[in-house]
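# what follows is a predicted structure for the sequence shown.
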Amino acid sequence: MVTRVCAVLLLTLLLTPAWGQELKVGFVNLQRAISLSERGKSARAQFQASVKDKQDALRKEQQAIEKEQRDLQKQGVLMKESERAKAQLRFQRRVRDYERDKRDMQEELALREREITDGILKDLQKIIAELGKTGKFTMILERSQLLYTDKGTDVTDDVIKLYDERFKKTADKDR
């Protein structure tokens, strides 16, 4: 309890502007900055192409499994008991492998998406810090964390513009 009171007092002291000094607050919508920046769009397009390739491969395997299941149902009654047992075991292994591949793909894609987002966020943090210093902001907050504000400047478009300029320079160097 004492720690919380001290933290609130410290935060209040830090956020209280000195006499005559203006408190300048900005906010940024990070999700919008990621989605609308050129690097974000490029990363999303590459990611979605990767997802489509992997989903196509899984869809083909799923169709093959469904065909094998239909064939097994039709021909199973004509097979000897030992042959039918072997075919069912082989089919179960194939289904198990498919489910494992599907789960692995989902985990891999989630990890890849997190890596892409984290990389962009690190870059955006640098841009926001730079914008905060040059724009003489007291603080810049993430928009989704604010429940209400009657003051503040939305700097999201400025962040996107600055980030796009940096991304273009980096892309031009890589060519």
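The structure has been received and is ready for your questions.
# what is the neighbour count of residue 37?
Counted with other C-beta atoms under 10 Å, the neighbours of residue 37 add up to 23. No exception for glycine: its C-beta is placed from N, CA and C like everyone else's.
# typo on my end, residue 107
Around residue 107 there are 10 other residues, counting by other C-beta under 10 Å.
# in which helix or strand would I find it?
Residue 107 belongs to helix 81-134 when assigned by DSSP states H and E.
# that helix: what's the following helix or strand?
strand 139-142.
# tell me the mean pLDDT for the helix or strand just after that next one?
Using DSSP H and E, the next helix or strand after strand 139-142 towards the C-terminus is strand 153-154. If you average the pLDDT over strand 153-154, you get 90.
# related to what we said a few turns ago, by contact count, what packs against the helix holding residue 107?
Under the contact criterion of 3 or more C-beta pairs under 8 Å, 6 or more residues apart in numbering; DSSP states H and E, helix 81-134 touches strand 25-28, helix 30-36, helix 38-76, strand 139-142, helix 156-174.
# for residue 111, find the nearest of those.
helix 38-76 (11.5 Å; C-beta to C-beta).
# list the buried residues for the closest one?
39-40, 43, 54, 61, 65 (16 or more other C-beta atoms under 10 Å).
# what do you get for stretch 89-100?
So, applying 16+ other C-beta under 10 Å, buried residues of stretch 89-100: residue 91.
# what about the helix holding residue 107, average pLDDT?
95.
# let me know the angle separating it from helix 156-174.
Angle, helix 81-134 to helix 156-174, by axes from the mean of the first three to the mean of the last three C-alpha atoms, to 10 degrees: 110 degrees.
# helix 81-134 versus helix 38-76: what angle between them?
Using the same axes, to 10 degrees: helix 81-134 against helix 38-76 is 170 degrees.
# how far does helix 81-134 sit from its chain's centre?
Taking the mean of its C-alpha atoms, helix 81-134 sits 12 Å from the chain's own mean (C-alpha atoms, centre = their mean, to the nearest Å).
# ok, stretch 117-136 next?
With C-alpha atoms, centre = their mean, you get 18 Å for stretch 117-136.
# torsion angles phi and psi at the residue sitting furthest away from the middle of the chain?
What lies farthest from the middle of the chain is residue 80; by C-alpha atoms, centre = their mean that is 52.0 Å. Main-chain torsions, residue 80, degrees, to the nearest 10: phi -70, psi 160.
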